[in-house]
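In: okay, here's the prediction I keep looking at, along with the sequence it came from:
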Amino acid sequence: MKPFSEVSGIVLPVDQDNVDTDAIIPQRWLITVSRSGLGKGLFGGWRYDGEGRPRPGFVMNLDAFQNASIILSRSNYGCGSSREHAVWAHLDYGIRVVIASSFGPIFYDNALKNGLLPVVLPPEQVAGLMGQIHESPGAACLVSLTDNTVTGPDGRGYPFALDAGRRDLLLAGADDIAITLQMRDHIERFQECQRLTSPWLE
């Protein structure tokens, strides 16, 4: 997992509540367990028409928001099914941060475990940032995990909270597998002891 310290980038406004995982990555993209290539399907049903042509009115297809690395949305982002592909699609597209006033709990947990930072801000702060982005399409924010702060286009800072343990893992770029591997010596000693005391388990 790539370490996360800070991201400064264009903010992509997905200006609505209850953005579900089926909208984030439609079912037709769930035919792989590979994490690569899923960025093409991010918001695929909204981004493309039935013939696969970009919908000119959708925000991801507007020139000002190309190469965005931060998504700004409203409440209950990532609700719906538990598909981990929804998080992978963000990362494969280049999104490192999603800012919203609340998240679907499974999406939130999947995001943290895969290196996508979900930032929770109060609805009024989200609304203020959304207004700035609509006024200045292509504007950037700085999201610092070191300082636990989002800095908006106007320079104002918005502090956010994150579980200290998860924060440390993101800063280190360590996932749950990496945590387990840190205990490899203990695991091997346990296995050796088990082989000696309980050989019938082999």
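Out: Nice, I can see it. Numbering: from 1, shown residues only.

In: residues of stretch 136-150 that come out buried?
Out: By 16 or more other CB atoms under 10 Å, the buried positions in stretch 136-150 come out as 138, 139, 140, 141, 142, 143, 144, 145, 149, 150. Where C-beta positions appear, they are placed from N, C-alpha and C, glycine not excepted.

In: apologies, that question was intended for stretch 164-175.
Out: When burial is assessed from 16+ other CB under 10 Å, stretch 164-175 yields the following buried residues: 167, 169, 170, 174, 175.

In: shaky segments in the chain?
Out: Residues of the chain meeting the criterion pLDDT under 70: 176, 178-182.

In: if we can go back for a sec, and the furthest pair within the buried residues of stretch 136-150?
Out: 138 and 145 (23.6 Å; CB to CB).

In: still on that earlier bit, please produce TSV containing the buried residues of stretch 164-175, extended by distance to residue 56.
Out: What follows is the buried residues of stretch 164-175, written out as TSV (distance: CB to CB, whole Å):
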residue	distance to residue 56
167	40
169	40
170	36
174	42
175	38
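
In: would you list every one of the strands in this protein?
Out: Secondary structure of the chain (DSSP state E): strands located at 6-13, 70-72, 97-100, 117-120, 140-144, 149-151, 157-159.

In: distance of the residue nearest the centre of the chain relative to residue 106?
Out: Within the chain, one residue has its C-alpha closest to the average C-alpha position: by CA atoms, centre = their mean, that is residue 116, at 3.2 Å. As judged by CB to CB, to the nearest Å, residue 116 and residue 106 stand 13 Å apart.

In: what's the answer for residue 4, then?
Out: Counting by CB to CB - residue 4 and residue 106 are separated by 20 Å.

In: show me which of those two is the more surrounded one.
Out: When neighbours are counted by other CB atoms under 10 Å, residue 4 and residue 106 differ, and residue 4 comes out ahead with 21 against 18.

In: correct me, but that one touches residue 96?
Out: Yes: with contacts counted by CB atoms under 8 Å, residue 4 reaches residue 96, the gap being 6.9 Å.

In: find residues that contact each of these two.
Out: Both residue 4 and residue 96 are contacted by 115, 117, under the criterion CB atoms under 8 Å, 6 or more residues apart in numbering.

In: wait, the residue nearest to the centre of the chain touches residue 95, no?
Out: Yes: Residue 116 lies in contact with residue 95 (CB under 8 Å); the separation is 7.0 Å.

In: sorry, back to before: out of the strands of the chain, nearest to residue 53?
Out: Ranking those by distance to residue 53, with CB to CB as the measure, places strand 6-13 first at 20.0 Å.

In: elements contacting that closest one?
Out: In this structure, strand 6-13 makes packing contacts with strand 70-72, helix 123-135, strand 140-144, judged by 3 or more CB pairs under 8 Å, 6 or more residues apart in numbering; DSSP states H and E.

In: distance to residue 157 for these - can I get that in CSV?
Out: Putting the helices and strands packed on strand 6-13 into CSV (distance: least, CB to CB, whole Å) gives the following:
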stretch, distance to residue 157
strand 70-72, 15
helix 123-135, 10
strand 140-144, 9
